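Q: Provided below for reference: sequence and predicted model.
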Amino acid sequence: MTSATENLVEISGVEFSYGSRKLLKGLSLRIPRGKLVAILGASGSGKSTLLRLIGGQAKPDRGTVKVAGQVVHELDTHELYTLRRKMGMMFQAGGLFTDMSVFENIAFPMREHTDLPESVLRRIVLMKLHAVGLRGTQALAPSELSGGMARRVALARAIAMDPMLAMYDEPFGGLDPISINVIANLIRQLNDSLGATSVVVSYDVSEAVKLVDHVYVIADGVVAGEGTPEEMLTSKDPYVYQFMHAQPDGPIAFHYPGRPIGEDLGVRGPVR
């Protein structure tokens, strides 16, 4: 997609397993600097695991994961934490600290990793909350927020330290249409205004294709297709076409692999 010097993230031939279950089977992809990239795939395809590999929470069985030229799984603890300070993460369920106010949730990463004076920290927190339209919620607890508001606070925390790489794990899940549209627009605007590189992991095709520059579709542990949103929507590849157009029939099976149901139920003959 781009030359190596333009890529912030480079994933090459990555294999990863959970026990005997092989999830990634030689996956390779590149994420260019300054772009907003979507990684799409059915549930259980390894999208969130890919973010864990990029962040160093997991190590590949084979292959390499590079961020800003560094092989993530070869870094020592100090080097890894230094790299993570340049990353922002919006977790799948928001991940807000329930016993902290909205203000303290945003301030948390800065208190942990910087020595900023309180006056400067306060200004930054209020600016980040203002960017997501929630400056007036600073004193509230997470339990006092709606689902959409909590996601916006999580988004503000993810970009609190102006990361070079922002990662969003299922940012649209469980939200109403208005909240989805707000979150999508914020992700696009913040990526462009911060000059960051952003990765959106999602199974929500309709929303993802509206805001990203490039799309990867993962199926069966590898990249099934990549390209612009328009190229993916018009792809004739069976995996890509089925996923992008939500077709019930195709290579992506609904049932997780297992024995025939008749064997599990102890029934002879076909089960209808």
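A: Everything's here; your move. Residues are numbered from 1 along each chain as shown.
Q: Low-confidence ranges, the protein, go.
A: 1-5, 93-94, 251-257, 269-272 (pLDDT under 70).
Q: What ranges does it have for its helices?
A: 47-55, 77-84, 102-113, 118-131, 147-158, 177-194, 205-211, 229-233, 238-244, 261-265 (DSSP state H).
Q: residues contacting the closest residue to residue 178 other than its chain neighbours?
A: Leaving out its chain neighbours, the residue that sits closest to residue 178 by Cβ to Cβ, 6 or more residues apart in numbering is residue 148, at 7.4 Å. For glycine as for every other residue, the C-beta is placed from the backbone atoms N, C-alpha and C. By Cβ atoms under 8 Å, 6 or more residues apart in numbering, the residues touching residue 148 are 175, 176, 178, 179, 182, 183.
Q: and with 10 Å instead?
A: 174, 175, 176, 178, 179, 180, 182, 183 (Cβ atoms under 10 Å, 6 or more residues apart in numbering).
Q: Could you tell me how many residues sit around the first one?
A: I take that to be residue 174. Per other Cβ atoms under 10 Å, the neighbour tally for residue 174 reads 13.
Q: For residue 69, see how far away residue 210 is.
A: 31 Å (Cβ to Cβ, to the nearest Å).
Q: Compare these two (neighbour count), which wins?
A: residue 210 (13 against 10).
Q: Just give the number of residues close to the residue nearest to that one when sequence neighbours are not counted.
A: Sequence neighbours aside, residue 184 is the residue nearest to residue 210 in space, at 6.4 Å (criterion: Cβ to Cβ, 6+ apart). Neighbour count of residue 184, defined by other Cβ under 10 Å: 22.
Q: so who does residue 184 touch?
A: Residue 184 neighbours (Cβ under 10 Å, 6+ apart): 168, 171, 172, 175, 200, 202, 204, 207, 208, 210, 211, 212.
Q: Which members of these are classed as buried?
A: Applying 16 or more other Cβ atoms under 10 Å to these, the neighbour count classes 168, 171, 172, 175, 200, 202, 204, 207, 208, 211, 212 as buried.
Q: picking up where we left off before, out of the helices of the chain, which is closest to residue 140?
A: helix 102-113 (5.3 Å; Cβ to Cβ).
Q: Tell me which residues of the closest one come out buried.
A: 102, 103, 104, 105, 106, 107, 108, 109, 110.
Q: before we move on, what about stretch 44-61?
A: For stretch 44-61, the neighbour count (16+ other Cβ under 10 Å) marks 45-56, 58, 60 as buried.
Q: CA-only coordinates of it, as PDB, when you get a sec.
A: C-alpha atoms of stretch 44-61 as PDB (Å, rounded to 0.1, in the frame of the first residue of the first chain):
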ATOM      1  CA  GLY A  44     -13.900 -14.100  16.600                       C
ATOM      2  CA  SER A  45     -11.800 -13.400  13.600                       C
ATOM      3  CA  GLY A  46      -8.900 -12.000  15.700                       C
ATOM      4  CA  LYS A  47      -9.500  -8.200  15.300                       C
ATOM      5  CA  SER A  48      -9.100  -7.400  19.100                       C
ATOM      6  CA  THR A  49      -6.200  -9.800  19.400                       C
ATOM      7  CA  LEU A  50      -4.500  -7.900  16.700                       C
ATOM      8  CA  LEU A  51      -4.700  -4.700  18.800                       C
ATOM      9  CA  ARG A  52      -3.300  -6.600  21.800                       C
ATOM     10  CA  LEU A  53      -0.300  -7.700  19.600                       C
ATOM     11  CA  ILE A  54       0.300  -4.100  18.500                       C
ATOM     12  CA  GLY A  55       0.100  -2.900  22.100                       C
ATOM     13  CA  GLY A  56       2.400  -5.700  23.400                       C
ATOM     14  CA  GLN A  57      -0.200  -7.300  25.600                       C
ATOM     15  CA  ALA A  58       0.300 -10.500  23.600                       C
ATOM     16  CA  LYS A  59       3.200 -11.900  21.600                       C
ATOM     17  CA  PRO A  60       2.900 -13.700  18.300                       C
ATOM     18  CA  ASP A  61       3.800 -17.300  17.900                       C
END
